[in-house]
Every structure is written in structure tokens, then in C-alpha cells.
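[1] how would this look folded up:
(one chain, ligands or ions: 2)
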Amino acid sequence: MKEGKTSYGLHLLARSSKGAIAWDPRHMIDEEMAERAGFEYLTTVDTGQDLEEAIQEYDPGELVVVRPSGLDLETEFHEIIGVLLDPPERFHDWALLVDEAASLQSAHAITPDLDRIVRQHPRSALIVQTTHSLQDWHRSSRDLTDAMVAFRLQGRSLDAFVEYADGSEDMRQAVLDLPRHHAILIDCGSEPGAEEFTYIEPQEWWNNKVLDKSFSEAYNGGEHGETGGAADKGNGQEERFVGEGSPRTPPEND
Ligand SMILES: Nc1ncnc2c1ncn2[C@@H]1O[C@H](COP(=O)(O)OP(=O)(O)O)[C@@H](O)[C@H]1O
Ligand SMILES: [Mg+2]
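    Ligands and ions are numbered 1, 2, ... in the order given. A predicted model of the protein is given here:
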């Protein structure tokens, strides 16, 4: 079930940063997706060296898409993060989408470089992860997350989401009742058990629409909030997690 995780992640990148990079292990991101998210064009790279050049020649409106060969994802990701964080300040105000992030973590283990970028990125930077198997979300990712966006979920992914949110049956039902492409945003900065949640309707962001006020308040309000145009504020660490379960797609890492 394709709901819009990657598209929505790109949308956040386009609105939130002065420079955007997408890690695209499945080679899913094409020009149409990039343009729909608000980018003018897309550049693809497959090595750290090419990424280095792309960063040096970066133009506003550009989306740099990293398409690893997939032969050794961890090593390839290591090369990319090495370039992004050398030195860490160069990543100031930039954003990274880690698409299909379950290929770099499980509940019990996380690729050291994903751990590193989640922990060491400049506070003004935005990191967005997507997955269809939320149960593979590692604790170190979770602990530093500001907001979580769930499309329709089922099975273990839904259990993981409800458990993380507030454990309530209301939350479970709210997710089960989501229509296609609709999502629920949780502000992870709230007190445990008191998570605020906000509905995100597809037309609010699809086709490069500017998000409505209540939605941007969900991001910008509260002590952990910041983003959208948060690049300027630099007052909090940002993580996003866009999860969705698929009844037909088994978790990748199992
Ligand atoms: N907000 C939306 N409104 C309408 N269609 C959408 C929306 N988001 C995604 N889609 C459709 O769903 C497809 C899958 O989007 P994608 O971002 O690849 O999803 P995922 O990453 O969850 O698999 C897109 O090609 C598009 O046709
Ligand atoms: Mg996707």
C-alpha cells in the first residue's frame, strides 16, 4: 500500500531547508515527485565524492538524491554521512530524508552512521525518516524525535505506533479509521500519555500546497516545536518520522 510517505517527506524537506538531500535506497524518487514537493529539479549521485561535488555546486530549488547501489547499504550510507558531517556545521539549515529507514535499523540495532546523524546533526537541520515497519524503529531514533506522522497502519506497525503514542484504544481506532493518504501527526514533545494529535489531510500538502495554519502550528508550537521555516530559528533539534504499515508488505528487516 503506497500512501505518500516518501512524497510527504520530500514536501517537508522542500519547505524546511536551504538545502535538501534524499537517501533513496529503492530508487523511488523521480522528477515528478521532486517537482510535486516543490523542488525545481533533481540531481542524482551514487558516491560520496559525487555528493561532495553536488553540495559544492548546490543551487536553491535543487534536490540531491543519493541512489546507493544497494550492494552494501551500510558502507554506502557511511560514505554519505561522512560527507554531510565534514564538518558538522556544513549541514546547518540543511535537510536529509532517509527513505526506507528500516534498512538501516531494527528495534535492537542501528547503523552507527544513522545513529550519528540523528545525534550529531546541527540543531537547525531537519532529519526525516520513513518506514513501513514502525516496529523496526530504534530507540535512539525515537528518543530524539519531535514529531511522528502515521498514515494507515496495521499489524505490528500499528501496535508500535499506539504503544509509542499513548497506548489508547482511541488512538488505535483513529489510525484504523484513516482514509487513504490521510495521516495523523503526533507531537512527541508532549508529556507521555498526553500526546496531542493532529489530522493531516492529503490536499493540505499534495501538489506543493502551503500547509494551513493549524498544521504548521502543530509543528511550530510547543517547546519542542520548530520547523517549517525553522531553519532560521535553530532553537531545537528536529526529527521526523513518517511511518506507515502495509498489510501486504512484510517488514524488511525480519
Ligand atoms: N497526498 C496525496 N494525495 C493524492 N495522492 C497521493 C498523495 N500522496 C501520495 N499519493 C499517491 O501515492 C503514490 C505513492 O506515494 P509515495 O510517496 O511513493 O508513497 P510511499 O512512500 O508511502 O510508498 C504516489 O505516486 C501518488 O500517486
Ligand atoms: Mg516510499
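[2] The closest residue to Arg26 other than its chain neighbours: neighbouring residues, count only.
    When the adjacent residues along the chain are set aside, Arg26 lies closest to Glu100, with 5.6 Å between them (C-beta to C-beta, 6 or more residues apart in numbering). C-betas here are computed from N, CA, C, even on glycine. Using other C-beta atoms under 10 Å, Glu100 has 20 other residues around it.
[3] wait, doesn't Glu100 sit right on His27?
    No. Using C-beta atoms under 8 Å, Glu100 makes no contact with His27, being 10.5 Å away.
[4] quick revisit: residues contacting the residue nearest to Arg26?
    Residues near Glu100 by C-beta atoms under 8 Å, 6 or more residues apart in numbering: 25-26, 130-131, 252.
[5] beta partners for the residue nearest the centre of the chain?
    Among the residues of the chain, the one closest to the centroid is Val128, at 2.0 Å (C-alpha atoms, centre = their mean). Here Val128 sits in beta bridges with Leu97, Arg240, as judged by DSSP bridges.
[6] And it, how far from Asp166?
    Taking C-beta to C-beta, to the nearest Å as the measure, Val128 falls 23 Å from Asp166.
[7] do Pro60 as well
    Pro60 sits 40 Å away from Asp166, taking C-beta to C-beta as the criterion.
[8] between those two, who's got more neighbours?
    For Pro60 versus Asp166, neighbours defined as other C-beta under 10 Å are more numerous around Asp166 (17 against 9).
[9] What residues does the stretch 1-150 of the chain have near ligand 1?
    2-7, 28 (C-beta under 6 Å from any ligand atom).
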